[in-house]
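>>> Can you look at this prediction? I've put the sequence above it.
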Amino acid sequence: MPGSKALISLLPALLVALWGCAPAAMMGPPVPLAVDTPLEISAAAVGSGPVTPEGEGGCSLLWGCRGVSGQLSGRVALSERLEVGGVVYGGNISGAGAGVYGRLWYVDAPRFRLGGELQGGFAWAAAALPMAGMVSERVWITASPSVGLRHLSVVRVPLGVGVQLSERWWLQGELAVGWDPWRVFQDPEQVHLQGALSLSWRPAL
C-alpha cells in the first residue's frame, strides 16, 4: 500500500530524530546533597548554537541545533555515595522527552567528589564522569564530561559553577562544548556551544 511504503520510508529519519531527544544540560548538578536535604528539584533554561560551519547532518528544523530548551529535574540521595534522578525536557534543541540516571560517588571527600554516572531515556543513553570541587563554603566548581548516543554532542564537556543562595536554594550556571568525533550523526568539524542556568530547591525532610 502506498501509505505503508511512505511510513516505512520515514522510519529511519524518525529513529534518528529520537536519538536527538536527550537533555542538553547536566542531568543534575553534582553539588553534594546534605543529610537534612537529600532531595533536590531543579528547573533549567538551556541555550545552544553551532560555533563552526554547518556540515552534513548539521542544523535544521528537525534537529534544532540552535535555540532554547527547558529542563525540569529531580534527584534524591539514597546514601552518602549513591543518588538517582530523573529529568523531563522540551524545546527546539533537544526535542521533548524524559530520562533517568544513577550516580555513584567513588571519591566523597569534604572538598572534592568524583563519581560515575549512567543516563538513559527513550532511544538515547550516555555515560558521564561527574566531579565537583569546593571553592568556598557556598561555591562549587563542577564538571561532568560524557559520551552518549545523542544526535547533538556525542561527546559533551561541561564546566559549571554552583552557588548556594540560601539554606534551601542553589543557582547553577553551566557552559559546555559538544561535538561528534566519530561521525555517528554529524561531521566531526561541527562544534556546538551550550549554556544553561538552573535554580534548585532542597526541601527540608
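Yep, that arrived.
>>> how about the helices in the protein?
For the chain, applying DSSP state H gives helices covering 2-19.
>>> Can you list the low-confidence ranges for it?
1-21, 53-65 (pLDDT under 70).
>>> Show me where it has its strands.
With DSSP state E as the criterion, the chain has strands at 39-50, 67-77, 82-91, 95-108, 112-121, 124-128, 131-136, 139-143, 146-149, 155-164, 169-179, 191-201.
>>> Extract the C-alpha trace of the shortest one and format it as PDB.
Coordinates of each C-alpha in strand 146-149 appear next as PDB, following Å, rounded to 0.1, in the frame of the first residue of the first chain:
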ATOM      1  CA  SER A 146      30.000  12.500  28.900                       C
ATOM      2  CA  VAL A 147      29.800  10.200  25.900                       C
ATOM      3  CA  GLY A 148      26.500   9.100  24.500                       C
ATOM      4  CA  LEU A 149      24.200   8.100  21.700                       C
END
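>>> Pipe the strands of the chain into CSV and attach mean neighbour count and distance to residue 27 per row.
Just so you know, the C-beta spots here come from the backbone N, C-alpha and C atoms, and that holds for glycine as well. Formatted as CSV, those follow (neighbours: other CB atoms under 10 Å; distance: least, CB to CB, whole Å):
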stretch, mean neighbour count, distance to residue 27
strand 39-50, 19, 10
strand 67-77, 19, 6
strand 82-91, 19, 6
strand 95-108, 16, 5
strand 112-121, 18, 6
strand 124-128, 19, 8
strand 131-136, 15, 14
strand 139-143, 18, 12
strand 146-149, 18, 9
strand 155-164, 19, 11
strand 169-179, 18, 12
strand 191-201, 19, 11
